[in-house]
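Engineer: pasted the sequence and its predicted model underneath.
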Amino acid sequence: MKTPSASTSPSELFEAHYRELLGPRWETLRDALLEPEIKFPMSNPWARELPAVSDALLDHYLLDPASLWPAKALEVQPGEQVADLCAAPGGKSLALLFDLVERFGLSAITDFRLLCSDQSLARIKRLKSVLRTYLPPEVLDRVEVFHRDASRWGLYESDVYDRVLVDAPCSGERHLLQQPKELKKWSKARSRHLTQRQVALLCSALQILKPGGRLVYSTCTVSPLENDSVIEQFQKKRRGRFKVLQSLSAPPLGPLSSGAFPSEASASDSFITQTSPPHPPVKPTRSAEQTRWGWQIWPDHCQGAGPIYFCVMEKE
Ligand SMILES: C[S@@+](CC[C@H](N)C(=O)[O-])C[C@H]1O[C@@H](n2cnc3c(N)ncnc32)[C@H](O)[C@@H]1O
């Protein structure tokens, strides 16, 4: 094996790092990550069911089917206050709102409140535009958007929210491999810095969560250092203040537990619709894999979907 030297390029260091982390699997994973991202049309229930607004709203949002799972794992309920800490551009915010009304009907939104934050002003603008394009005014009234560093949110509020989603900034290897300019900026130190930000976001999320409330951590990286290891660091920092929920066999995560993808759900499940897909339907070979603390959806095993990691926790 070549020893890294001062002249080793970031892409060579990146390759060596992931080969060390993931072993021979990295080769097939890298090939899958170089393929174009898979997008599925998520049906907008308001556009579908409210004729008065249907012309004004877009009827499908395209997203990686693996991204649905962290949003569904949050299992939001009517009447709850939910915080989405790293929300822009809004895919998972929409997914959790759509999931709520698919399970409980359009009236489920009446007393519901969703707070979305993001640190990037440019991405906040995109988030607001996405929300306006998919949600009717009475639903927009239930959603608040804040430009803030969510790792500091816990300084201002405690024990307020029923559920919190941390869809954290991460190494996103698909993006890095497909954008050579971004790959040039990669370093181990950068990944280490991300883990510190991820733990800080989790500490803040735990602070604003009510006791008994649910916290979902998700990333789009295959790096165990930014996934299970972050959960372990969080456990050390906040020992006894939360537990990881590892038995996810409950019906709301049926597609996960049965080994089928959301796209293979029954015809009555309109959360993911197969009508007029802009891409051919995916026939996944395997489903999410359980890791030490969470779940990983690997693109090499799920016909290109993912990568997505998520871990479900409950505040003690
Ligand atoms: C993986 S993306 C979120 C994707 C989004 N949840 C979705 O499904 O469309 C991570 C986001 O975290 C934001 N971010 C990074 N650090 C943050 C912080 N300290 N507070 C709030 N947002 C942050 C980034 O600007 C980026 O938009």
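Structural biologist: Thanks, I have it.

Engineer: what about the closest residue to residue 227 other than its chain neighbours, helix or strand, and which?
Structural biologist: Closest residue in space to residue 227, ignoring its immediate chain neighbours: residue 309 at 4.2 Å, by Cβ to Cβ, 6 or more residues apart in numbering. Backbone N, C-alpha and C define where each C-beta goes, glycine included. Taking DSSP states H and E as the criterion, residue 309 maps to strand 308-315.

Engineer: and that strand, how far from the chain's centre?
Structural biologist: The chain centroid and the centroid of strand 308-315 are separated by 10 Å, computed with Cα atoms, centre = their mean, to the nearest Å.

Engineer: neighbouring strands - and their directions - for it?
Structural biologist: Here strand 308-315 is paired, per DSSP bridges, with strand 209-219 (antiparallel), strand 242-244 (antiparallel), strand 295-297 (antiparallel).

Engineer: alpha carbons only: can I get it in PDB?
Structural biologist: As requested, the backbone C-alpha atoms of strand 308-315 are provided in PDB (Å, rounded to 0.1, in the frame of the first residue of the first chain):
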ATOM      1  CA  ILE A 308     -28.800   7.300   3.900                       C
ATOM      2  CA  TYR A 309     -28.000   6.500   7.500                       C
ATOM      3  CA  PHE A 310     -30.500   7.200  10.300                       C
ATOM      4  CA  CYS A 311     -30.700   6.500  14.000                       C
ATOM      5  CA  VAL A 312     -33.900   6.800  16.100                       C
ATOM      6  CA  MET A 313     -33.600   8.000  19.700                       C
ATOM      7  CA  GLU A 314     -35.900   8.900  22.600                       C
ATOM      8  CA  LYS A 315     -35.200  11.400  25.300                       C
END
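
Engineer: now that strand: buried residues?
Structural biologist: With burial defined by 16 or more other Cβ atoms under 10 Å, the residues of strand 308-315 counted as buried are 308-313, 315.

Engineer: can you pull out the helices in the stretch 1-150 of the chain?
Structural biologist: In chain order, the stretch 1-150 of the chain shows helices spanning 10-22, 25-34, 45-49, 51-54, 68-73, 91-104, 121-134, 137-140, with DSSP state H, counting those that start in this stretch as the criterion.

Engineer: mean confidence for the fifth one?
Structural biologist: Going back to what we said before, that points to helix 68-73. Helix 68-73 shows a mean pLDDT of 92.

Engineer: ok, now the third one?
Structural biologist: What helix 45-49 shows for mean pLDDT is 95.

Engineer: how far away from the center of its chain is that helix?
Structural biologist: Between the centre of helix 45-49 and the centre of its chain there are 23 Å (Cα atoms, centre = their mean).

Engineer: got a list of contacts for that helix?
Structural biologist: With Cβ atoms under 8 Å, 6 or more residues apart in numbering as the test, helix 45-49 has contacts from 53-54, 57-59, 98, 101-102, 106, 134-136, 139, 270.

Engineer: now, of the helices of the stretch 1-150 of the chain, which is deepest in the fold?
Structural biologist: helix 68-73 (a mean of 27; mean count of other Cβ atoms under 10 Å).

Engineer: please tell me how far residue 291 sits from residue 170.
Structural biologist: When Cβ to Cβ, to the nearest Å is the yardstick, residue 291 and residue 170 sit 15 Å from each other.

Engineer: between these two, who's got more neighbours?
Structural biologist: residue 170 (24 against 16; other Cβ atoms under 10 Å).

Engineer: against the ligand, how distant is that one?
Structural biologist: Residue 170 sits 7 Å away from the ligand, taking Cβ to the nearest ligand atom, to the nearest Å as the criterion.

Engineer: please shift the residue numbers so they start at 34 in all later answers.
Structural biologist: I'll keep to 34 as the first residue from here, and by that count the last item is residue 203.

Engineer: which helix or strand lies directly C-terminal to the least confident helix or strand in the chain by mean pLDDT?
Structural biologist: Per-element confidence for the chain was summarised using mean pLDDT, DSSP states H and E. The lowest value among helices and strands belongs to helix 287-290, with a mean of 38. Past helix 287-290, heading to the C-terminal end, the next element that is a helix or strand (DSSP H and E) is strand 322-323.

Engineer: packing partners of that following strand?
Structural biologist: Helices and strands in packing contact with strand 322-323 are listed as strand 328-330; criterion 3 or more Cβ pairs under 8 Å, 6 or more residues apart in numbering; DSSP states H and E.

Engineer: quick one: mean pLDDT over the strand it packs on.
Structural biologist: The predicted model gives strand 328-330 an average pLDDT of 90.

Engineer: list the contacts for the residue nearest to residue 324 when sequence neighbours are not counted?
Structural biologist: Spatial nearest neighbour of residue 324, excluding adjacent residues (Cβ to Cβ, 6+ apart): residue 261 at 5.3 Å. The contact partners of residue 261, taken as Cβ under 8 Å, 6+ apart, are 324-327, 344.

Engineer: against the ligand, how distant is residue 261?
Structural biologist: Applying Cβ to the nearest ligand atom, one obtains 18 Å for the distance of residue 261 from the ligand.
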